[in-house]
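*Asks:* Here's a sequence, model it:
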Amino acid sequence: MSWVTIDATAIRSFIGRYLDPDDILGEVLFGLIMTLGFTLGAGLIVKEGKDAVTQMLLGVVGCNVAWGLVDAAMYIIGSMFDRSRKARLLESIQKSATDDDALLIVGQELDPSLEPFTTQTDRRHLYQAVLTRLRNIAPERTHLNKADIYGAIATFGLVFLSTIPAVVPFLIITDRFMALRVSDLLLLSVLFLVGYHLGRALHTNPWILGSVVFLVGLVLVAIVIVLGG
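*Replies:* Sure, this is the predicted structure:
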């Protein structure tokens, strides 16, 4: 079992290196919602037999693979766009006619983060030091790099792994209807955990947010069951 622990630790380390905690939770949450969208209506499919269940599972996996690929591409585009924006900002600072103009640009970029807990004088000294440093940095052309690719892989992996709670019960439980309910239960449980950790990341009550996310999923499942799903 030690190699499993090592692999799990390595995966968490890899994902955490390239994605922020809120990004990780968001990707898993969206992947779970996409998966739940399939399984909510699976009751009618399960009644059609084993072949129909297989097609449903392939649909769940295929949908999240497609979603993961799109999200991975958007991650790369977003990362490159952010670097491009910073490069343009650097060029604007370096091309400013006066230091005051340059400091104004620096302030517009950093004030939203620093203003709540610094004085104007503190920020003026800091921005002057930042400006001195920026004057000696050459703007780089935006291009695809290794971090973009690894971040995209991590993004895809999170979305794809969110299908596991839905698929595994059908692989180990022979009763298709029991497997469906276990699948729903696992998805709802993971939804609660994601909501809980998202609450901690957002500095709000994690139990409340986790419960809200769980209840929303539970209500959706209950509605579908009542309607015959």
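
*Asks:* For the residue positioned nearest the centre of the chain, which three-state class applies?
*Replies:* Centroid check for the chain by Cα atoms, centre = their mean gives Glu27 as the closest residue, at 2.8 Å. Classification of Glu27 by DSSP: H, G, I helix; E, B strand; the rest coil places it in helix.

*Asks:* for the lengthiest helix in the chain, packing partners?
*Replies:* Secondary structure of the chain per DSSP state H: the longest helix is helix 50-94. Helix 50-94 is packed against helix 21-39, helix 42-47, helix 99-114, helix 120-134, helix 146-161, helix 164-172, with contacts defined by 3 or more Cβ pairs under 8 Å, 6 or more residues apart in numbering; DSSP states H and E. C-beta coordinates here come from the backbone N, C-alpha and C atoms, glycine included.

*Asks:* can you give me the mean pLDDT across the helix or strand that Ala10 is a member of?
*Replies:* Secondary structure assignment for Ala10, by DSSP states H and E: helix 2-18. Averaged across helix 2-18, the pLDDT comes to 67.

*Asks:* do stretch 88-105 as well
*Replies:* 88.

*Asks:* Give the full set of residues in contact with the nearest residue to Phe214 once chain neighbours are set aside.
*Replies:* Spatial nearest neighbour of Phe214, excluding adjacent residues (Cβ to Cβ, 6 or more residues apart in numbering): Phe192 at 3.9 Å. Counting by Cβ atoms under 8 Å, 6 or more residues apart in numbering, Phe192 touches 210-211, 213-214.
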